[in-house]
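[1] Okay, here's the prediction I keep looking at, along with the sequence it came from:
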Amino acid sequence: MFKYLSEKNTYLFFKLTLILKGCLAVAETVGGFLFLLLSKNFITNFVSGITADELSEDANDYIAQHLLSAANQLSLSSQHFLALYLLLHGLLKIALVIGLLKNKLWAYPASLIIFSLFVVYQIYRYSFTHAVGLLLLTLLDIIIIALVWHEYNYLKRKR
């Protein structure tokens, strides 16, 4: 897959995608903490505030409508589930990204398995939501899986 890139450029691309994945994982973790700490009313008011201008310009704005609808339908149990899901998902990815950035051999097979499970789950979720963002995250995960596989084989050959 990466035969047109030099080993140095492939490694650089690997590092950049890991940094992106790590940033997304940190954002997930922070989001998880916020969902634990903030009340439903605060979340609903916040979403109403950030979507108000957009909805005043276009009452049918797809993203604003869906954000507002999701905030209004948020129950306490779904808020707690979302918080725990984001926290565990984010912290797990942070640990894997750190392991990969430090070239820890255990992190390569663990990442291949866990990121593959994320891809399967994300495709499953996409079948219900049809969210384009989910497809983009899945594409990023597939690229990372390919890069992890490549780097793992490269490291094993070097050792």
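    Yep, that arrived.
[2] When you work out contacts or count neighbours from here on, use the C-alpha atoms and nothing else.
    Noted.
[3] So for stretch 76-91, what gets flagged as buried?
    Neighbour counts over stretch 76-91 (16 or more other Cα atoms under 10 Å) mark 79-80, 82-84, 86-91 as buried.
[4] Then stretch 25-36?
    25-26, 28-32, 35-36.
[5] do stretch 50-67 as well
    51, 55, 64-65.
[6] and if you look at stretch 5-24?
    Using 16+ other Cα under 10 Å as the test for burial, stretch 5-24 gives 10-11, 13-15, 17-19, 21-24.
[7] Give me the subset of the buried residues of stretch 50-67 lying in strands.
    Using DSSP state E, no member of the buried residues of stretch 50-67 sits in strands.
[8] Throw those residues into a markdown table and include distance to Arg159 and pLDDT, thanks.
    Output for the buried residues of stretch 50-67, formatted as a markdown table (distance: Cα to Cα, whole Å; pLDDT from 0 to 100):
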| residue | distance to Arg159 | pLDDT |
| --- | --- | --- |
| Thr51 | 54 | 89 |
| Leu55 | 58 | 85 |
| Ala64 | 52 | 86 |
| Gln65 | 54 | 88 |
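[9] Mind putting these into a markdown table with distance to Gly133?
    Listed next are the buried residues of stretch 50-67 as a markdown table, based on distance: Cα to Cα, whole Å:
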| residue | distance to Gly133 |
| --- | --- |
| Thr51 | 18 |
| Leu55 | 21 |
| Ala64 | 15 |
| Gln65 | 16 |
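[10] Name the nearest of these relative to Leu140.
    The closest of the buried residues of stretch 50-67 to Leu140 turns out to be Ala64 (Cα to Cα; 24.8 Å).
[11] which residues touch the closest one?
    51, 54-55 (Cα atoms under 8 Å, 6 or more residues apart in numbering).
[12] now Ser75
    Lys40.
[13] re earlier: just the ones in helices from the contacts of Ala64, please.
    51, 54-55 (DSSP state H).
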